[in-house]
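sequence plus the predicted model coming up.
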Amino acid sequence: MNWPSKCKVIFERALSLKYYPCDLLFIHRDAERESREKRAREIRQAVKIIQPAVKPPFICVIPVRMQEAWLLFDEAAIRWAAGNSHGRQALHLPKRQDLENLPDPKETLHQLLCKASGLKGRRLKKFHVNQGVHRVVEYIKDFSSLRELSAFSALEKEVREVVRKWSSD
């Protein structure tokens with residue numbers, strides 16, 4: 001992405017803050033093949049450009065690959081999101097310690113949702129997997145087991161720091 005198009009995206013985000021103000025802003029950027037520090041630096045530089053528009057404190061959400069990796073640990077949530085909470089299909093979720101190393105967590109989650117749905121043929125083709133992805137979060141009751149993942153742990157640490165600073169101001 002070249003710099004002018006980045007500026008356009010940043011400007012659009014600043015405009016969205018004007019019309020949809022918030023108290024705390026979470027800015028997401030997958031690390032992909034870069035370090036968390038480099039991605040956080042990019043986010044901070046972008047925020048500096050639009051600083052007058054960004055009044056709320058912000059938190060960098062930087063998963064190692066994709067945010068979907070953080071949804072691949074709760075079998076019950078995946079089954080509920082797929083609309084088949086009592087399904088018996090073996091899902092074979094990845095091991096928690098391997099989540100940040102999956103080559104394509106989004107595709108893995110899509111496959112698991114399709115399998116968990118128990119649907120076949122035309123019904124499976126009509127299954128709205130992207131809606132299922134968004135619903136998984138609604139059904140996860142406890143994210144604490146993700147604390148063993150470096151990116152999630154860094155997110156939690158940053159949330160604590162921002163909240164502590166914010167509450168002391």
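Sure, I can see it. Bear in mind that the values here come from a model prediction, so they are computed numbers and not experimental data. Numbering: from 1, shown residues only.

give the contact list for residue 90.
Counting by Cβ atoms under 8 Å, 6 or more residues apart in numbering, residue 90 touches no other residue. The way it works is simple: take the backbone N, C-alpha and C, and place the C-beta from them, glycine included.

any idea how far it lies from residue 25?
40 Å (Cβ to Cβ, to the nearest Å).

now do the helix of greatest length in the chain: everything it contacts.
Longest helix in the chain, counting residues (DSSP state H): helix 150-168. Helix 150-168 is contacted by residues 24, 31, 36, 57-64, 70, 100, 143, 146-147 when judged by Cβ under 8 Å, 6+ apart.

may I see the ChimeraX selection of the buried members of these?
Only the buried entries of those go into this ChimeraX selection, using 16 or more other Cβ atoms under 10 Å:
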select :31,36,58,59,60,61,62,63,64,70,100,146
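
just the closest of the contacts of helix 150-168 to residue 12, please.
Ranked by distance to residue 12 (Cβ to Cβ), the contacts of helix 150-168 are led by residue 58 at 16.1 Å.

now the longest helix of the chain: mean pLDDT?
Helix 150-168 comes out with an average pLDDT of 92.

just give me how far that helix sits from the chain centre.
Its chain's C-alpha centre and that of helix 150-168 lie 16 Å apart, by Cα atoms, centre = their mean, to the nearest Å.

pull out the buried residues from it.
Using 16+ other Cβ under 10 Å as the test for burial, helix 150-168 gives 151, 152, 154, 155, 158, 162.

kindly report the same for stretch 71-87.
Neighbour-count burial for stretch 71-87 [16+ other Cβ under 10 Å]: 71-74, 77-84, 87.

CA atoms only: put that stretch into PDB for me.
Taking Å, rounded to 0.1, in the frame of the first residue of the first chain, the C-alpha atoms of stretch 71-87 are listed here in PDB:
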ATOM      1  CA  LEU A  71     -11.200 -18.000  18.100                       C
ATOM      2  CA  LEU A  72      -9.900 -21.500  17.500                       C
ATOM      3  CA  PHE A  73      -9.800 -22.700  21.100                       C
ATOM      4  CA  ASP A  74     -13.500 -23.000  22.100                       C
ATOM      5  CA  GLU A  75     -15.200 -26.000  20.500                       C
ATOM      6  CA  ALA A  76     -18.600 -25.200  22.100                       C
ATOM      7  CA  ALA A  77     -18.500 -21.600  20.800                       C
ATOM      8  CA  ILE A  78     -17.700 -22.900  17.300                       C
ATOM      9  CA  ARG A  79     -20.600 -25.400  17.400                       C
ATOM     10  CA  TRP A  80     -23.000 -22.800  18.700                       C
ATOM     11  CA  ALA A  81     -21.900 -20.300  16.100                       C
ATOM     12  CA  ALA A  82     -22.400 -22.900  13.400                       C
ATOM     13  CA  GLY A  83     -25.900 -23.500  14.600                       C
ATOM     14  CA  ASN A  84     -25.400 -27.000  15.700                       C
ATOM     15  CA  SER A  85     -24.600 -26.900  19.400                       C
ATOM     16  CA  HIS A  86     -25.300 -30.600  20.000                       C
ATOM     17  CA  GLY A  87     -23.200 -31.800  17.000                       C
END
